[in-house]
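S.K.: predicted model follows, preceded by the sequence.
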Amino acid sequence: MSAATGAAEAAIAVTGVRVAFGPTVVLRGVDLVIPWGERLALLGPNGAGKSTLLRALATLSRPTGGSVQIAGRDAFADPAAVRRLIGVVAHQTYLYDELSAFENLRFYAELYDLPDPSTAATAGLELVGLILRRNVRVGSLSRGQQQRLTLARALLHDPPILLLDEPDTGLDLAAFGLLTTLLLETQRTVVLTTHNLPQAARLCGRYAILSGGRLVRDAPLAISAGELEATYRRETGVAPARQTEVGGSA
Amino acid sequence: MRSYWRKVWAVVRKDLLIELRSRELLSSAVVFALLVLLIFNFALDLTGEIVRAVASGILWITLLFAGMLTLSRGFAREQERGALQGLLLAPLDRGGLFLAKLLVNLLLMGVVELFALPIFVALYNLNMRPLPLLAIVGLGTVGFAAVGTLFGAIAANTRAREALLPLLLFPVLVPVIIGAVQATNETVPGVVPAGPPWIGLLIAFDLLFLGLGYLLFEYVIEE
């Protein structure tokens, strides 16, 4: 199979992506092809460009150069169609404090034009174990419950591609276990940015390391967490950031 | 097309529900509008011909300043917990998002006007022709909300958004302010219309900024 054919059939194909904010260049020509069903750990020190790349994949930030294809479609030529295919979990929850858990999910179900938004919202609450808290306003939920609701929001429209930007930040044990289960059971294509290398080694089948806006390593993740950490140090010149959150491991 | 408007309505309903629960924007804007009308009335001790000359200006200053309160918080609310990113990730085009936010601003301004207009008419004792007055207030409000929604999105991405928004907005709004004040003056019985066709100017401005807002929103809302 040629590289071009592979890219066309891939879930995600990133070609020569460059992102600059004024004089600051964040990504310097990144190439990455992710087949359907693969779970990729996107690693790198702070400021390496991981979140910027994820934002470009999510159609939130238009690259200065290069192309992003999602399911064979140019992400910025047909963004609405691409957005139906992706679910995003980031540092922030994207939820509204004044609305209940159910109302938040129903609102997003309506935005994604799901046939029965109320049923979809209820199913989302059941998935993350929050059905008994359905009428509680998000501002009154614990941080862990909010994170679980965030997962439900991202999965609401059943996207085949999940983009997770350090999703374990601030998770409690229950939410962390749920995230792990969802990732391991899923057939979805997943791009996971994390500083938690043991978690990456456990959950993902492939890893890529970004450093200084360049992709310096892209390989199958068939090594232990210790070997991954050594590779990380060698490629980036720095030690991986320590995880201090409940769900993370130091 | 129905699906498109369903999504626009979902955003409108969500914003109105949040406002209904927090009562953050409307209560302050309504109270502010009533206070400004009262303060002008007592401070200037207006009588006779002077009222006719300045009342329209007072009305529009009141409505625009009160509207500014609702505009500056509208997008700030979306920034909390990154909800704006959630909206941008949804398959609703940016023009649709502009329409939704415009409708919310129009509805909030409409409620402020519902309280402010009767108080204005009572305090300043002007027998303005009600239908033309309502039409002019409607046209002025659409222009204000269209520009405000567009510039509110620009200001929302900055730290000093509350201070920046009026600085961006008022220079652009000058034609609406002049047109609305002059057209409102002409609703006072006995005032003979003179000068340019102010209502035509308001309509042209509204159409221009509705179109610009719809087309440009994509560029102002994204990085």
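M.R.: That came through fine.
S.K.: for chain B, which segments count as helices?
M.R.: Assigned helices in chain B, in chain order: B:2-22, B:25-44, B:48-79, B:83-89, B:94-124, B:130-156, B:161-185, B:198-221 (criterion: DSSP state H).
S.K.: wait, chain A
M.R.: Under DSSP H, chain A gives helices at A:3-9, A:50-57, A:79-83, A:101-111, A:117-127, A:143-155, A:173-185, A:197-203, A:225-236.
S.K.: residues of chain A that sit close to chain B?
M.R.: Residues of chain A found near chain B (C-beta under 8 Å from any C-beta of the partner chain) are A:21, A:55, A:58-62, A:80-81, A:83-84, A:86, A:88, A:90-99, A:103, A:107-108, A:110-113, A:153. Where C-beta positions appear, they are placed from N, C-alpha and C, glycine not excepted.
S.K.: again, only using 6 Å
M.R.: Chain A has residues A:60-61, A:80, A:83-84, A:88, A:92-96, A:98, A:107, A:110-111, A:113 near chain B, with proximity defined as C-beta under 6 Å from any C-beta of the partner chain.
S.K.: name the nearest of the residues you listed relative to B:Val181.
M.R.: B:Val181 lies nearest to A:Glu98 out of the residues of chain A next to chain B, by C-beta to C-beta, at 36.6 Å.
S.K.: returning to that earlier point: need the helices of chain A in CSV with distance to B:Arg21, mean neighbour count and mean pLDDT, can you?
M.R.: Shown next, in CSV, are those (distance: least, C-beta to C-beta, whole Å; neighbours: other C-beta atoms under 10 Å in any protein chain shown; pLDDT from 0 to 100):
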stretch, distance to B:Arg21, mean neighbour count, mean pLDDT
helix A:3-9, 48, 13, 53
helix A:50-57, 31, 24, 94
helix A:79-83, 28, 19, 92
helix A:101-111, 10, 25, 97
helix A:117-127, 18, 19, 96
helix A:143-155, 18, 23, 91
helix A:173-185, 26, 16, 79
helix A:197-203, 38, 20, 88
helix A:225-236, 46, 16, 87
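S.K.: let me have those in CSV, extended by distance to B:Leu92.
M.R.: Rendered in CSV, the data for the helices of chain A read as follows (distance: least, C-beta to C-beta, whole Å):
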stretch, distance to B:Leu92
helix A:3-9, 28
helix A:50-57, 18
helix A:79-83, 8
helix A:101-111, 6
helix A:117-127, 14
helix A:143-155, 15
helix A:173-185, 26
helix A:197-203, 32
helix A:225-236, 38
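S.K.: anything in the lowest-mean-pLDDT helix or strand in chain B sitting right up against chain A?
M.R.: The helix or strand of chain B with the lowest confidence, counting by mean pLDDT, DSSP states H and E, is helix B:48-79 at a mean of 85. No: Helix B:48-79 does not reach chain A (C-beta under 6 Å from any C-beta); its nearest approach is 8.1 Å.
S.K.: next, the angle from that helix to helix B:198-221.
M.R.: Taking axes from the mean of the first three to the mean of the last three C-alpha atoms, to 10 degrees, one finds that helix B:48-79 is oriented at 20 degrees with respect to helix B:198-221.
S.K.: ok, the spatially most distant residue from the centre of chain B to chain A distance?
M.R.: Centroid-distance maximum for chain B: B:Gly48 at 29.4 Å, with C-alpha atoms, centre = their mean. Separation of B:Gly48 from chain A (C-beta to the nearest C-beta, to the nearest Å): 48 Å.
S.K.: who's in contact with that residue?
M.R.: By C-beta atoms under 6 Å, 6 or more residues apart in numbering or on different chains, no residues touch B:Gly48.
S.K.: low-confidence ranges, chain B, go.
M.R.: B:191, B:193, B:195, B:223 (pLDDT under 70).
S.K.: around chain A, pick out the residues from it.
M.R.: Listed as neighbours of chain A in chain B under the rule C-beta under 6 Å from any C-beta: B:3, B:7, B:10, B:14, B:18, B:21-22, B:81-83, B:85-86, B:88-92, B:223.
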